[in-house]
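Colleague: 3D model of this:
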Amino acid sequence: MSGISVERRRIGLKTPFITALGRKDATENVFIRLRLANGAEGWGEASGSVVMAHLSAPRLERTVRSLAAPLKGRDARRLAALAPPLFARAAAAPAAAAAVECALTDCLRTALGLGWGAWFGGRLGRLETDATLSAAGPDETRRAAARAAGEGFRVLKVKVGTGFAADLERAAAADAAGRRRGRRPSLILDGNQRLGRAGAVRLSEACLARGLRPVLIEQPLPADDLAGMAWVSRRAPVPVAADESVQRPADARAVLEAGAAAVVNIKVAKMGLQAALETIAVVRAAGAGLMIGCMQESALGLSPSVGLALGTGAFAWCDLDSDWLLADSQPRGWFSRAGAWLSAP
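Modeller: Just a heads-up that it's a prediction; the model follows:
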């Protein structure tokens, strides 16, 4: 490794991003660029989120710099040995470790002339993703859903967990807007740990009773409440997906053994690329479903996740819309987007 640079950049959101855990009007992300002796460069990006509010942009930047400094002069081809210590050193800030690992991997795949999809196996040429709708009021939800439907999104991820009546009204508004565009949407109900046991079951039942099409209820309970997640999984008429409950491969095994979810949401920012591949193997071995998600990365930082999804072809559900939610001033990525469809270049 011959060169390292780190910078922080603020990128606006097209509309406020609101969940049961908080609100953001912009994201401040940390970018790292690594350069090999042969001139090949690689990029990584760490994004904070309302889920991990303690990870401020300055803290992410400090962590990225401290992780990257010892890489100077190291051989990037030893990626399998270099990556795991990053996560051990930054256990409280996995997004920072993932950014450095992605930059290292990006250097190697660039030096070899491989696209991100080819690096992970080249299984697919394109994939379809959902669009996320914030926990806003019904009017804002209708406008956002109409925009998404107009750009070809057939799956809408609706943020819930703000109260039963508001959640149901929001889901119905998303459905109605999609129908008016001639695209009746499938709905992912994302509770961000705030639905409660009875609330998760009640909301999924009410959506079905209203003629809506919920296909997943994501992380309805706190991350460590696997018994509660299992309780919901046994009673809800919609499959449960685990997100915050799974930060590493061992967590996926624990979730599935407990019967706490039928689907596991993998995010590169939570665990990195190597651990994501291990988690895919764990979930596949258990016969469970896979989802891939993101934080608020730009198209540049989202590229490894898109490559992972395209290359492995492992994911039945794709939530890779962070670049679509950000303003156009963001850095460009490796992939191309046509509304809901992401393609290798």
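Colleague: Just confirm I11 contacts N29, I think it does.
Modeller: Yes. In this structure, I11 is within contact of N29 by CB atoms under 8 Å, at 6.5 Å. C-beta: built from backbone N, CA, C; applies to glycine.
Colleague: any residues in contact with both of these two?
Modeller: Shared contacts of I11 and N29, defined by CB atoms under 8 Å, 6 or more residues apart in numbering, comprise S298.
Colleague: between the two, which one's more packed in?
Modeller: The neighbour comparison of I11 against N29 (other CB atoms under 10 Å) goes to N29, with 29 against 20.
Colleague: For the residue lying closest to P138 once chain neighbours are set aside, give me phi and psi.
Modeller: Once flanking residues are discounted, P138 sits nearest to A173: 4.2 Å by CB to CB, 6 or more residues apart in numbering. Reported as degrees, to the nearest 10, the phi and psi values for A173 are phi -60, psi -40.
Colleague: A173: how many residues sit nearby?
Modeller: 23.
Colleague: Distance of it relative to A166?
Modeller: With distances taken as CB to CB, to the nearest Å, A173 is found 10 Å from A166.
Colleague: got it, and D25?
Modeller: Taken as CB to CB, the span from D25 to A166 is 21 Å.
Colleague: chain center to whichever strand or helix holds C102: distance?
Modeller: Secondary-structure assignment from DSSP states H and E places C102 in helix 94-111. Centre-to-centre, helix 94-111 and its host chain are 17 Å apart (CA atoms, centre = their mean, to the nearest Å).
Colleague: which residues touch the helix or strand just after it?
Modeller: Later in the chain than helix 94-111, the nearest helix or strand by DSSP H and E is helix 116-119. The contact list for helix 116-119 (CB under 8 Å, 6+ apart) reads 105, 109, 123-125, 303-304, 306-308, 310-311, 334-335, 344.
Colleague: What strands flank the next helix or strand after helix 116-119, and is each parallel or antiparallel?
Modeller: Remark: after helix 116-119, the chain's next helix or strand is strand 126-128, criterion DSSP H and E. The strands beside strand 126-128 in its sheet (DSSP bridges) come out as strand 341-343 (antiparallel).
Colleague: what residues does the partner strand touch?
Modeller: Under CB under 8 Å, 6+ apart, the answer for strand 341-343 is 125-129, 152, 306, 309-310, 318, 320, 335-337.
Colleague: Just checking the distance from that strand to the centre of its chain.
Modeller: 16 Å.
Colleague: Could you pull up the mean pLDDT of it?
Modeller: For strand 341-343, the mean pLDDT works out to 98.
Colleague: in it, what's buried?
Modeller: L342 (16 or more other CB atoms under 10 Å).
Colleague: Quote the end-to-end distance of stretch 212-225.
Modeller: 28 Å (CA to CA, to the nearest Å).
Colleague: And the strands in this structure, which stretches?
Modeller: 3-19, 22-35, 41-46, 126-128, 131-133, 155-159, 186-190, 214-218, 240-242, 263-267, 289-293, 317-318, 336-338, 341-343 (DSSP state E).
Colleague: Can you lay out the ones you listed as TSV showing distance to G73?
Modeller: Formatted as TSV, the strands of the chain follow (distance: least, CB to CB, whole Å):
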stretch	distance to G73
strand 3-19	11
strand 22-35	12
strand 41-46	16
strand 126-128	38
strand 131-133	41
strand 155-159	43
strand 186-190	43
strand 214-218	43
strand 240-242	40
strand 263-267	31
strand 289-293	34
strand 317-318	38
strand 336-338	36
strand 341-343	36
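Colleague: so which of these is the most packed in?
Modeller: Sort the strands of the chain by mean neighbour count, taking mean count of other CB atoms under 10 Å, and strand 240-242 sits at the top with a mean of 30.
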